[in-house]
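J.: missing the sequence, but the structure's below:
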């Protein structure tokens, strides 16, 4: 059984169809890259997987280890082992990183936990948080700050990776985690990801740059165009796209290219 | 008193309930229950039962006339449905005030046990007054404070035991003709706290008063007078609850504060009335040269709250600060805010107001910043943030600014936000339920205020907010 299986996925935002039949299968221990020009539906796929209420699945399904998660709330998906590292993590004023994380891991590690039931013991939690933060080269003081409030771009991305490290998901989606980062920060994120991924975890890296992929070699690269996966290849495909852009992809798939939404500038 | 969001605690199981203070005690053992209704005879009777001097009796009767003459205010919440003839204005639940909880009548003591007051007293309070219905039933003050000349007593006793001090200040900061409800309180007042802190005395731990309405159709009209003398400091904390009845109760207090030169005073209120109480309170402080006055005002519950704690900055360099939070749920209207009146040069004020509305609740910020012509170089900063949890709820801002001087710096910022779909999604994508996520966002929203509270109150405030949030989402 594959870890993640997406079959014939159609997703609309409001009345606008964005994804028009996506198929994707990812196994434990695999790293996949998802590339494609702006507006091709990469982030929509990420949001639809995580269960954002504005992204409506109109057809098809998403399964994790055989369980169809398409109708589940985002927290139920998280408890089944799905994790999305956001491109633009939101600011939540007044909520301390440590308080938030303690709630999150208590729920994810004990999927049957009811509201109001005990959280993971404080001492155990603190030690683990301290260890993970030091591995990611984060100032322990950050645990007392308000979630993403006043964080620099790099700090926000690192906070996403810290959450990944604490939640230990079965399957992680990284939505352009490398965008807006300088090379050093990309390296920190990549190393973090390398340490975390392994034979247990499946990873989908969404990016239209290539830097992250240099450090985290994908076994498979998928190319998205106008809401469909039009090509699948190996790491070499990612390198080609990085060098030559998407014009050759558009040439090979004229029908899909014709459907591309031209974004207003 | 642990909250789910308090990571320093291992107890994550607070009691869950709609309004947990909604229970009530039997009233058949009461010493005296005044007739329902209001007239000059009832006003005179209250004065007589308390053996008051003639001047107070006259003050009450004059106030009653003012109350009768003043029209019902139409500019705020709906006050037209209050039936003044259907309310008990004076109820005596026990023989007198006790110094030991053991001597307080059983039913009443159990109530305070359930509210956690005796426990809190042992842990972190310098003194306690517990008012039940119209009068204070329990009082304590740490001995060393009494020796230093601190007075912490109920207002009825203060009139008898400290007549000169009392008469000098009573009704001078809020005269009966200030507004209709100040007049009502002045006519039928009973109980409340009287605090006097002598020059240079600093009281480290908070003094606490606790106000409990127990009977149906009860009016509670406590009267609080605080005098902080030169260079002295004190923190006073007040909490309020009432049972849930089908008919309304009225709480109409008057709180007068005098902070003299160089003094510091903080008045913290956590009100959590059941949602059939009209809460109409007039609170005002005078702050003299270099004094600091702070109101920390938390309003939960009640059907309608109209409360705008005011600070008159009377002396050069005086500072005033109000932090207020209102939580309006189903069928509730919180019309709250603050007033800052700059009467002297180089005075500064700050108002931070936060409101949360859910399930069709309505919250309003109504504030006044006024600068007199001679108040040069003063500064004022007003920030009000409203959080709406659903489309049925409502929030309004009514800021009034009157400036009669050129050399001033006034800032006003207001924001309204809906509970963010993106914030909810972010937290839920990390495994938090919708209710946990909402609760966390709301707790974060009020964090700037909660962190100003004494620790035990901060925990309590978070817990109350969580209880208000229970079952409200989805």
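T.: Nice, I can see it. Everything numeric in this text was worked out from a predicted model, so none of it was measured.
J.: quick one: the residue in the stretch 101-250 of chain B positioned nearest to chain A and residue B:139, what's the gap?
T.: The stretch 101-250 of chain B approaches chain A most closely through residue B:116 (19.4 Å), counting by C-beta to the nearest C-beta. From N, CA and C alone the C-beta is placed, and that goes for glycine too. Counting by C-beta to C-beta, to the nearest Å, the gap from residue B:116 to residue B:139 is 18 Å.
J.: quick one, which of these two is more surrounded?
T.: Counted by other C-beta atoms under 10 Å in any protein chain shown, residue B:116 and residue B:139 do not tie: residue B:139 has more neighbours, with 19 against 15.
J.: by contact count, what packs against the one helix or strand the more buried one maps to?
T.: Following DSSP states H and E, one finds residue B:139 within strand B:135-141. With contacts taken as 3 or more C-beta pairs under 8 Å, 6 or more residues apart in numbering or on different chains; DSSP states H and E, strand B:135-141 sits against strand B:127-132, strand B:151-154, helix B:155-161.
J.: contacts for that strand next, please.
T.: When contacts are defined by C-beta atoms under 8 Å, 6 or more residues apart in numbering or on different chains, strand B:135-141 is touched by residues B:92-94, B:97-99, B:101, B:104-105, B:108, B:112, B:121, B:126-131, B:150, B:152-154, B:156-157, B:190-193, B:207.
J.: between that strand and strand B:127-132, how many degrees?
T.: Counting by axes from the mean of the first three to the mean of the last three C-alpha atoms, to 10 degrees, strand B:135-141 points 170 degrees away from the direction of strand B:127-132.
J.: and after strand B:135-141, which helix or strand comes next?
T.: helix B:143-147.
J.: residues in contact with that following helix?
T.: B:126-127, B:152, B:201, B:203.
J.: out of those, who has the most neighbours?
T.: Within those, most neighbours by other C-beta under 10 Å means residue B:152, with 27 neighbours.
J.: put together CSV for the helices and strands packed on strand B:135-141, with mean pLDDT and distance to residue B:83 on each row.
T.: Shown next, in CSV, are these (pLDDT from 0 to 100; distance: least, C-beta to C-beta, whole Å):
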stretch, mean pLDDT, distance to residue B:83
strand B:127-132, 83, 24
strand B:151-154, 92, 29
helix B:155-161, 94, 27
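J.: deepest of the ones you listed, which one?
T.: strand B:127-132 (a mean of 26; mean count of other C-beta atoms under 10 Å in any protein chain shown).
J.: helices of the stretch 351-474 of chain B, start to end?
T.: Along the stretch 351-474 of chain B, the stretches classed as helices by DSSP state H, counting those that start in this stretch are B:421-428, B:434-445, B:447-450, B:455-469.
J.: so which of those is nearest residue B:337?
T.: Each of the helices of the stretch 351-474 of chain B has some distance to residue B:337 by C-beta to C-beta; the shortest is helix B:447-450, at 14.3 Å.
J.: for residue B:472, give me the pLDDT.
T.: Looking at residue B:472, its pLDDT is 42.
J.: let me fix that, I meant to ask about residue B:270.
T.: Reported pLDDT for residue B:270: 82.
J.: same deal with residue B:455?
T.: 69.
J.: same check on residue A:262?
T.: Listed pLDDT for residue A:262 reads 62.
J.: got it, and residue B:77?
T.: Reported pLDDT for residue B:77: 92.
J.: and for residue B:123?
T.: 70.
J.: surely it is in a strand?
T.: No. Judged by DSSP: H, G, I helix; E, B strand; the rest coil, residue B:123 forms no part of a strand; its state is helix.
J.: that one: neighbour count?
T.: As a burial measure, residue B:123 scores 10 neighbours (other C-beta under 10 Å).
J.: against residue B:463, how distant is it?
T.: Distance of residue B:123 to residue B:463, computed by C-beta to C-beta: 16 Å.
J.: look at whatever residue of the stretch 201-350 of chain B ends up closest to chain A and give its secondary structure.
T.: Scanning the stretch 201-350 of chain B for proximity to chain A using C-beta to the nearest C-beta identifies residue B:325 as nearest, at 12.3 Å. The local conformation at residue B:325, judged by three-state DSSP, is strand.
J.: so it makes contact with residue B:354?
T.: Yes. Applying C-beta atoms under 8 Å, one finds residue B:325 in contact with residue B:354, separated by 4.8 Å.
J.: so these two - more neighbours on which side?
T.: Comparing residue B:325 with residue B:354 by other C-beta under 10 Å, the one with more neighbours is residue B:325, at 26 against 22.
J.: strands of the stretch 101-250 of chain A, residue ranges please.
T.: Assigned by DSSP state E, counting those that start in this stretch, the strands in the stretch 101-250 of chain A fall at A:171-175, A:202-206, A:220-225, A:228-233.
J.: between these, which gets nearest to residue A:249?
T.: strand A:220-225 (5.6 Å).
J.: that closest one to strand A:228-233, inter-axis angle?
T.: Strand A:220-225 and strand A:228-233 are oriented at 150 degrees to each other (the same axes, to 10 degrees).
J.: quick check: buried residues in the helix or strand encompassing residue B:65?
T.: Per DSSP H and E: residue B:65 is located in helix B:54-69. If you call a residue buried by 16 or more other C-beta atoms under 10 Å in any protein chain shown, then helix B:54-69 has these buried ones: B:56-57, B:59-60, B:62-64, B:66-67.
J.: helices and strands around that helix, which ones?
T.: Packed against helix B:54-69 by the contact rule (3+ C-beta pairs under 8 Å, 6+ apart) you find helix B:40-49, helix B:180-188.
J.: can I get those in TSV with mean neighbour count, mean pLDDT and distance to residue A:51?
T.: Listed next are the helices and strands packed on helix B:54-69 as TSV, based on neighbours: other C-beta atoms under 10 Å in any protein chain shown; pLDDT from 0 to 100; distance: least, C-beta to C-beta, whole Å:
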stretch	mean neighbour count	mean pLDDT	distance to residue A:51
helix B:40-49	16	95	62
helix B:180-188	26	97	51
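J.: in a markdown table, list those helices along with distance to residue A:220.
T.: Formatted as a markdown table, the helices and strands packed on helix B:54-69 follow (distance: least, C-beta to C-beta, whole Å):
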| stretch | distance to residue A:220 |
| --- | --- |
| helix B:40-49 | 85 |
| helix B:180-188 | 73 |
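J.: can I get these in TSV including distance to chain A?
T.: Output for the helices and strands packed on helix B:54-69, formatted as TSV (distance: least, C-beta to the nearest C-beta, whole Å):
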stretch	distance to chain A
helix B:40-49	46
helix B:180-188	34
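J.: contacts only, for residue B:227.
T.: Contacts for residue B:227 (C-beta under 8 Å, 6+ apart) come out as B:165, B:169, B:195-197, B:258, B:260.
J.: actually residue B:381, not the one I wrote
T.: With contact taken as C-beta under 8 Å, 6+ apart, residue B:381 is in contact with B:349-351, B:410-411.
J.: can you give me the neighbour number for the residue in chain B that chain A sits nearest to?
T.: Closest to chain A within chain B is residue B:444: 2.8 Å, counting by C-beta to the nearest C-beta. By other C-beta under 10 Å, the residues close to residue B:444 number 22.
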